[in-house]
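# Need the 3D shape of this:
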Amino acid sequence: MASVDSVVVRSAIQSAVRKSPSQSRRSSNLKKEAQEILIQGSVQEDALDKFGESILTYLRFEVRRVADRYKGTNKKREHLWSMFHKVRMSANLRTLWNDLVRTLNIVIDDPLLEQSLYQELFEIVLKEYFDCKSSDCVVKPKADSISPDELNVLRYACGYVAQKLLKRYEKKHGEVMEQYATCLSEMAVVGEGADLLTYTKRWLELVNRGGLFPLSDEAFRFFIEVELCVRTYLPHQLMKTHSEVEFATNVHDKIFSDEDVQFHWTLLSQNIHDTVSSDALLMEVIKLWVTIRGFSTTDIGWKCIRKRKRLLLKSQKVYEKQ
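Sure, this is the predicted structure:
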């Protein structure tokens, strides 16, 4: 009979598969590898039991060790995510993972499944620690709540964010500035090929008269998660009377602490060598996007929305004729 911890691992693997985009080649490989682990894990239950017990015990210990040092949920979460960024690439988790796939006699080259599993397990451990009640949790909308038309405009606007910050850091000197420039430049599209977001790429090509920043799929998925957080927190905060400090705490920090935002940022920020510098650039991205979205919710911003909508409708007609 499978242990409780191995059941948690199975559930986490299945959850990681569900969250992965369904039409990309990388997603197909993730699903195939996940299925192999689940099948072989059913044959060799002891291996999955051992892995589940070891990794959950380790993560629970690390969460308690870090969170118990601080007062306040925001402070705890901030330091917990910093901790997780370090341990997810550590030798401890890598050893546990390698032992599992070796015992199950499976070859997995892409780290996406491994990192997605860590993400899911960490979220589970966090929920255990904070004993999150459903009435206290903010439900973030899902990615499919963003319409195809909105996705087109979103890719256009998010490319502006990456491009603006890239121009800023290309002019500065120092190792960290170079890492920032590399991170931002690699958010651009690399190569050709059909995938989940080909339609938005095609739309961008049609409206691009030069100077636009074509986001890669991974960068776009990151911005989608940021946008979902904005839709969750920004309208509510704009209705309140608050200081700039309170606004930053209630919107910027909540987006920064979001598990999905952190996960996709980890994949994008591999070239930034230390967590503090990585977190600083992430906050810059969030602040710039929130500023753009904040204006779009005002009367002045609606003028830009209407202009983009006219451009969108015109470009769609061109797209449909081709």
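
# domain ranges for the protein?
4-136, 143-321 (automatic domain parsing).

# Let's have those in JSON lines, adding mean pLDDT.
Formatted as JSON lines, these follow (pLDDT from 0 to 100):
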{"stretch": "domain 4-136", "mean pLDDT": "84"}
{"stretch": "domain 143-321", "mean pLDDT": "71"}
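
# Tabulate those domains in JSON lines, adding columns for mean neighbour count.
No exception for glycine: its C-beta is placed from N, CA and C like everyone else's. Formatted as JSON lines, those follow (neighbours: other CB atoms under 10 Å):
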{"stretch": "domain 4-136", "mean neighbour count": "16"}
{"stretch": "domain 143-321", "mean neighbour count": "16"}
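
# All the helices of the stretch 51-200 of the chain, residue numbers only.
Counting by DSSP state H, counting those that start in this stretch, residue ranges of the helices within the stretch 51-200 of the chain are 73-87, 91-103, 112-130, 148-170, 175-185, 198-207.

# Report the central residue of this protein.
His264 (2.7 Å; CA atoms, centre = their mean).

# who's in contact with stretch 28-36?
13-14, 16-17, 20, 104, 106, 108, 110, 112-113, 116 (CB atoms under 8 Å, 6 or more residues apart in numbering).

# at 10 Å instead, please
Residues outside stretch 28-36 that contact it (CB atoms under 10 Å, 6 or more residues apart in numbering): 10, 13-14, 16-22, 24, 101, 104-110, 112-114, 116-117.

# Equivalent analysis for stretch 15-22, please.
26-35, 38, 112-121, 123-124, 142-143, 195-197, 217, 221, 260, 263.

# What is the distance between that stretch and the centre of its chain?
13 Å (CA atoms, centre = their mean, to the nearest Å).

# next one: the helix or strand in which Ala12 is found to chain centre, how far?
In this structure, Ala12 sits in helix 4-19 according to DSSP states H and E. Taking CA atoms, centre = their mean, one finds the center of helix 4-19 at 18 Å from the center of the full chain.

# which is the next helix or strand following it?
helix 25-43.

# got the angle for that following helix vs helix 112-130?
70 degrees (axes from the mean of the first three to the mean of the last three CA atoms, to 10 degrees).

# Would you mind writing the CA trace of helix 25-43 as PDB?
Only the C-alpha atoms of helix 25-43 are listed here, as PDB (Å, rounded to 0.1, in the frame of the first residue of the first chain):
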ATOM      1  CA  ARG A  25       6.500  20.100 -27.600                       C
ATOM      2  CA  ARG A  26       8.100  20.600 -24.200                       C
ATOM      3  CA  SER A  27       4.800  20.000 -22.500                       C
ATOM      4  CA  SER A  28       4.300  16.800 -24.400                       C
ATOM      5  CA  ASN A  29       7.700  15.500 -23.200                       C
ATOM      6  CA  LEU A  30       6.700  16.500 -19.600                       C
ATOM      7  CA  LYS A  31       3.500  14.500 -19.800                       C
ATOM      8  CA  LYS A  32       5.400  11.500 -21.200                       C
ATOM      9  CA  GLU A  33       8.000  11.600 -18.500                       C
ATOM     10  CA  ALA A  34       5.400  12.100 -15.800                       C
ATOM     11  CA  GLN A  35       3.500   9.100 -17.000                       C
ATOM     12  CA  GLU A  36       6.600   7.000 -17.000                       C
ATOM     13  CA  ILE A  37       7.300   7.900 -13.300                       C
ATOM     14  CA  LEU A  38       3.700   7.200 -12.300                       C
ATOM     15  CA  ILE A  39       3.700   3.800 -14.100                       C
ATOM     16  CA  GLN A  40       7.200   2.700 -12.800                       C
ATOM     17  CA  GLY A  41       6.300   4.100  -9.400                       C
ATOM     18  CA  SER A  42       3.300   1.800  -9.200                       C
ATOM     19  CA  VAL A  43       5.600  -1.100  -9.900                       C
END
